[in-house]
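Undergrad: sequence below, structure please.
(one chain, ligands or ions: 1)
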Amino acid sequence: MKILTGNSNKHLSEKISKYLKNRLVNSSIKKFSDGEIYIEINENIRGNSIFIIQSIASPANDNLMELLLCIDALKRSSAKNITAVIPYFGYARQDRKVVPRTSISAKLVSNLITKAGADRIVTVDLHAGQIQGFFDIPVDNLFSTPIFARHIKKKIKSKNLICVAPDVGGVERARALGRKLDIGLAIIDKRRPAPGKSQVMNVIGNVKEKICVIVDDIIDSGGTIVNAADALKKRGAKEVHVYVTHGVLSGEAVEKIKKSKIKNLVLTDTINNLDRVKKARNIEVLSISNLLAEAMKRISNSTSVSDLFK
Ligand code: R5P
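TA: Residues are numbered from 1 along each chain as shown. The predicted structure is shown next:
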């Protein structure tokens, strides 16, 4: 087993490598002056099982291309098998045609990764579980729910908790966390009047005097979560805590969260933005590295990955 890292999240790759006591493969990833990416693996990997770690996060197009070129280089260097570890699987939000004449980027990206030569995918909290079926190779979709549940039990010492799904698409995720914590569920009826804009229409469930725990897979512009927190507060919620796996945090998102009614936003490090969030008093980052490392170890030893979530 050998581990190669792309440039998108070296911090996470180094943590995984440390946990597994397995150094990162010596490689060079450079750019030509016109922006083309050039990859060179500087050591023999013939016959090895290789895990390439790369999130498809901003700059998404460069990081995706880097991933594809790394897989291609590994294949052409006679790696025995290639597992693409994609902590944040970008381009997943376009997983169906919501209006006519649009693309389904999640399917196209799945095709590209498979065609490049990946034998297996490991990812965390896919935007929609069905995306696993876009691949004809095994996909291990890991969940951050156990990490979040542990943190909530340790930090929020109240019996008056309720789990909140910020939109209908997030109900399954919120229910899973609610089940782990043995608490009830509320659902926000969110509409998107235009791309990037979100509007709360209604809150289903009683949140009065409750400590609300919103759980979501992605925070991008922050609109969904900030509006959800406002709506919950307006309906009498005592505190709003938010748990999100992938901190895309584009544009003014961090500023928006700092000024919001959110008491604490907890993210994982599937996307490396520690520098951007370190000055925000209400944002905390938990590492997903041990979970990913354990899954990689189990894949390498052909033992169960799902046992990690029992
Ligand atoms: C939507 O289905 C996702 O789960 C997130 O709620 C969404 O991507 C968040 O986007 P934003 O932060 O821009 O509202």
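Undergrad: show me where the stretch 101-250 of the chain has strands.
TA: 120-124, 139-142, 161-165, 184-194, 197-204, 211-219, 239-247 (DSSP state E, counting those that start in this stretch).
Undergrad: would you turn those strands into TSV with mean neighbour count, distance to residue 225 and mean pLDDT?
TA: Every C-beta, even on glycine, is put in place using the N, C-alpha and C of the backbone. Formatted as TSV, the strands of the stretch 101-250 of the chain follow (neighbours: other C-beta atoms under 10 Å; distance: least, C-beta to C-beta, whole Å; pLDDT from 0 to 100):
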stretch	mean neighbour count	distance to residue 225	mean pLDDT
strand 120-124	22	19	98
strand 139-142	20	22	98
strand 161-165	24	10	98
strand 184-194	15	10	91
strand 197-204	15	9	88
strand 211-219	24	6	98
strand 239-247	26	5	98
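Undergrad: identify whichever of those lies nearest to the ligand.
TA: strand 211-219 (4.0 Å; C-beta to the nearest ligand atom).
Undergrad: so which elements touch the closest one?
TA: strand 161-165, helix 171-181, helix 223-234, strand 239-247 (3 or more C-beta pairs under 8 Å, 6 or more residues apart in numbering; DSSP states H and E).
Undergrad: and residue 56, which of those is closest to it?
TA: strand 239-247 (10.3 Å; C-beta to C-beta).
Undergrad: what sits up against the following helix or strand past that closest one?
TA: As assigned by DSSP states H and E, the chain's next helix or strand after strand 239-247 is helix 253-258. For helix 253-258, the external contacting residues (C-beta atoms under 8 Å, 6 or more residues apart in numbering) are 219-223, 225-226, 265, 276-277, 280-283.
Undergrad: of those residues, which are in range of the ligand?
TA: 219-223 (C-beta under 6 Å from any ligand atom).
Undergrad: can you map out the helices along the stretch 51-200 of the chain?
TA: 60-76, 105-116, 145-155, 171-181 (DSSP state H, counting those that start in this stretch).
Undergrad: in TSV: these, plus mean neighbour count, mean pLDDT and distance to the ligand.
TA: Below are the helices of the stretch 51-200 of the chain laid out as TSV (neighbours: other C-beta atoms under 10 Å; pLDDT from 0 to 100; distance: least, C-beta to the nearest ligand atom, whole Å):
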stretch	mean neighbour count	mean pLDDT	distance to the ligand
helix 60-76	20	98	14
helix 105-116	18	98	13
helix 145-155	16	97	15
helix 171-181	18	96	9
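Undergrad: what packs against the strand or helix carrying residue 15?
TA: Using DSSP H and E, residue 15 maps to helix 10-20. Contact analysis of helix 10-20 by 3+ C-beta pairs under 8 Å, 6+ apart lists strand 2-5, strand 49-53, helix 289-300 as its packing neighbours.
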